[in-house]
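Novice: Just a sequence and a predicted model for now, questions to come.
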Amino acid sequence: MSAIDRRSFMKLAAGAAVAGTSAGWFAQALAHDKIKPGPTDVFIVVDVQKCFIPGGSLAVNNGDEIVPLINTIAKKFQYVVMTQDWHTADHISFASQHEGKKPFEMIDVPYGKQVLWPDHCVQGTEGAEFAPGLDIPHAMLVIRKGYHRDVDSYSTFMEADKKTPTGLSGYLKQRGVKRCFLAGLATDFCVGWSAMDATTAGFQAAVIEDACRGINLGGTGLEAAWKEMGKKGVKRIQSGDLA
Ligand code: VGL
Ligand code: ZN
């Protein structure tokens, strides 16, 4: 290579480097920039249960649409954990347990504010089963949450009292996991809270947006949840970002 050739090559290379860093969307489009899940990554499939899909008692709009995509994503991961919302029949989060209260109203409970929900995901009932078509035979762990009558647990790491761990963080750390990728139902509740708690527990966390659906309470809850997640360092990615 002549000196002139080398100089123009260096210029080109520098230009490419700048393009790669300053134009994130461009970098993302290149196959080599995709995220390749490995042995320190886990895919956490949150609450893809009958109660949360159309026909269920707390149906999330289009919640059933994500099932095939979640199956596809799961195949890219060696490690998959699935979660189940798993309430007692008289759970504190059920409007039916509070005189004169209706679903989606808010009440004060000892650990803070609690949204009241229709009865859902009662232990051992059909509604608590995984959604039809969910097919992840290699999932290594199913973790249940929300089984203490007096405490809700949107997060699959920490109950809503913020002091009762589910044990998932210890499990994942013992398995050498560093990054958590999350998807499922609902974006603005169990997926979002789980992702934020993953960062609090010392993991990197990313939510795969197109493999989630949200409840969007009051029409603004979903965007507010993304904002909160961003503040906590949770990455917002798409299924196409995964190799
Ligand atoms: C959920 C509300 C109540 C969820 C669970 O899975 O997002 N939302 N219980
Ligand atoms: Zn619940």
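Specialist: Arrived safely, thanks for sending. Residues are numbered from 1 along each chain as shown. Ligands and ions are numbered 1, 2, ... in the order given.
Novice: Please state the offset of the strand or helix carrying residue 193 from the chain centre?
Specialist: With the criterion set as DSSP states H and E, the secondary-structure element containing residue 193 is helix 192-200. Distance of helix 192-200 from its chain centroid, counting by C-alpha atoms, centre = their mean, to the nearest Å, is 8 Å.
Novice: ok, now stretch 75-92?
Specialist: Between the mean C-alpha location of stretch 75-92 and the chain-wide mean there is a distance of 11 Å, by C-alpha atoms, centre = their mean.
Novice: what angle do the longest strand anywhere in the chain and helix 192-200 make?
Specialist: Longest strand of the chain, by residue count under DSSP state E: strand 204-213. Between strand 204-213 and helix 192-200, the angle comes out at 170 degrees (axes from the mean of the first three to the mean of the last three C-alpha atoms, to 10 degrees).
Novice: Can you give me the buried ones in the next helix or strand after strand 204-213?
Specialist: Tracing the chain C-terminally past strand 204-213 and defining elements by DSSP H and E, one meets helix 221-231 next. Of all the residues in helix 221-231, those buried under the rule 16 or more other C-beta atoms under 10 Å are 221-222, 225-226, 229. (Glycine included, C-beta is placed from N, CA and C.)
Novice: how close does the closest residue to residue 102 other than its chain neighbours sit to residue 101?
Specialist: Nearest non-adjacent residue to residue 102, counting by C-beta to C-beta, 6 or more residues apart in numbering: residue 95, 5.6 Å away. Here the criterion is C-beta to C-beta, to the nearest Å. By it, residue 95 lies 5 Å from residue 101.
Novice: Give the residues shared as contacts by the two.
Specialist: residue 116 (C-beta atoms under 8 Å, 6 or more residues apart in numbering).
Novice: between these two, which one's more packed in?
Specialist: Set residue 95 next to residue 101 and count neighbours by other C-beta atoms under 10 Å: residue 95 wins out with 17 against 14.
Novice: Verify the stated contact: that one with residue 106.
Specialist: No. In terms of C-beta atoms under 8 Å, residue 95 does not count as a neighbour of residue 106; the distance is 10.7 Å.
Novice: Which neighbours do those two have in common?
Specialist: In terms of C-beta under 8 Å, 6+ apart, residue 95 and residue 106 are both contacted by the residues residue 116.
Novice: Make TSV out of the buried residues of helix 221-231 and add distance to residue 170 and pLDDT.
Specialist: Compiled in TSV, the buried residues of helix 221-231 are given as follows (distance: C-beta to C-beta, whole Å; pLDDT from 0 to 100):
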residue	distance to residue 170	pLDDT
221	31	97
222	31	98
225	26	98
226	28	98
229	23	98
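Novice: State the pair within these that is farthest apart.
Specialist: Farthest apart among these by C-beta to C-beta are 221 and 229. That separation is 12.4 Å.
Novice: Could you check how far the residue nearest to residue 102 is from ligand 1?
Specialist: 11 Å (C-beta to the nearest ligand atom, to the nearest Å).
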